[in-house]
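Engineer: Provided below are the primary sequence and the corresponding predicted coordinates.
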Amino acid sequence: MAVQPNISGIENPAALQKALIDAQYLADDALATSAYLSLALGKPMLLEGAPGVGKTEAAKALGGVLGRNVIRLQCFEGIDAAAALYEWNYPRQMLAIRQAGDDYINLYGEDFLLERPLLEALRNPDRSLLLIDEIDRADHEFEAFLLEFLSDFTISIPETGTVRATKAPVVVLTSNRTRDLHEALRRRCVYHWIDYPDAALEAQIVMARASSVAQATAQAVVASVGMLRQEPLAKPPGVAETIEWAEAATLLNAQGARWPEAFKRAIGVALKDHDDLTYMADRMSSVLPGEAA
């Protein structure tokens with residue numbers, strides 16, 4: 001039976017929510033509850049949502065609260081077990097063979113082993129949080145392999161033996177939902193859907209992350225981003241883009257650009273797709289913030 005992760009000092013979801021807020025991640029009660037249950041039950045947490053809503057940042061904030069190093073496995077199409085588990089350092093092995101001459105040398109010792117994220121997290125469960133980012137970008141075969149790993153937290157290395165975690169590591173998976181994940185993987189996890197924050201919360205996030213931005217500016221840019229998200233854009237702005245747009249416009253305004261011209265000139269930090277900019281060219285006046293403090 002897997003040992004539960006250490007969550008000393010976090011007595012309930014409210015305590016975790018406060019700790020995340022203190023770490024400048026404004027988590028709502030639902031996210032804090034899911035994260036707490038993931039920790040208390042020793043189960044991975046699966047965060048789904050549109051790109052830019054803060055899934056990866058939630059994992060990083062949780063790692064910070066727990067005082068753990070975030071080990072990130074960025075998934076991509078074609079990722080295989082070697083990229084996630086371990087590899088042998090073949091160039092170093094060949095060099096060692098040449099230098100050893102007729103002497104015996106163990107080519108499968110620790111000096112030649114390259115740890116990848118899963119093995120690194122398995123060996124350091126007390127000091128790490130494993131972030132498996134954008135699992136939906138990987139193929140079904142890798143997802144099946146990952147499911148097996150999450151079942152028993154062991155890795156078999158043919159040359160040296162089996163590595164087994166002394167306790168269940170903290171694991172967070174994220175998905176942009178570009179494809180459906182297998183039900184078996186979902187059942188293995190505590191699930192939470194992260195949506196775009198409401199206007200009041202997003203303005204608080206902007207104020208927390210961008211101290212130079214006035215409250216009126218934050219509220220104005222959040223309202224505009226909300227309207228942009230209603231448009232049929234290929235890449236609607238996420239929370240990070242909201243913060244960057246408010247910061248960029250504030251900077252241009254301080255250098256002499258008037259409102260709303262400062263927002264218009266800084267649009268490239270909010271919309272980052274040529275087709276989206278072209279589509280919005282004749283509609284920008286309807287979504288640009290007006291006067292801002």
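Structural biologist: On my side now, so go ahead.
Engineer: just for the protein, where's the confidence low?
Structural biologist: 1-8, 290-293 (pLDDT under 70).
Engineer: which residue is nearest the centroid of it?
Structural biologist: In the chain, the C-alpha nearest the mean C-alpha coordinate belongs to residue 56, at 1.5 Å (CA atoms, centre = their mean).
Engineer: for the residue of the chain most remote from its centre, pull up the helix or strand it's in.
Structural biologist: Most distant residue from the mean C-alpha position of the chain: residue 102, 49.0 Å away (CA atoms, centre = their mean). Here residue 102, judged by DSSP states H and E, is contained in no helix and no strand.
Engineer: that older thread, residues contacting the residue nearest to the centre of the chain?
Structural biologist: Residue 56 sits next to 131, 133, 174 when contact means CB atoms under 8 Å, 6 or more residues apart in numbering. Quick note: C-beta positions are derived from backbone N, CA and C, even for glycine.
Engineer: so where does it fall, helix or strand?
Structural biologist: helix 55-66.
Engineer: and the next element down the chain from that helix?
Structural biologist: strand 69-74.
Engineer: note down every partner strand of that following strand and its orientation.
Structural biologist: Here strand 69-74 has these sheet partners by DSSP bridges: strand 128-133 (parallel).
Engineer: distance from the helix or strand just after the partner strand to the middle of the chain?
Structural biologist: Counting by DSSP H and E, the next helix or strand C-terminal to strand 128-133 is helix 140-152. Relative to its chain's centre, helix 140-152 lies at 19 Å (CA atoms, centre = their mean, to the nearest Å).
Engineer: what's the answer for stretch 277-286, then?
Structural biologist: That offset, for stretch 277-286, works out to 31 Å (CA atoms, centre = their mean).
Engineer: contacting residues around it?
Structural biologist: Taking CB under 8 Å, 6+ apart as the rule, stretch 277-286 contacts 227-228, 231-233, 264, 267-268, 271, 287.
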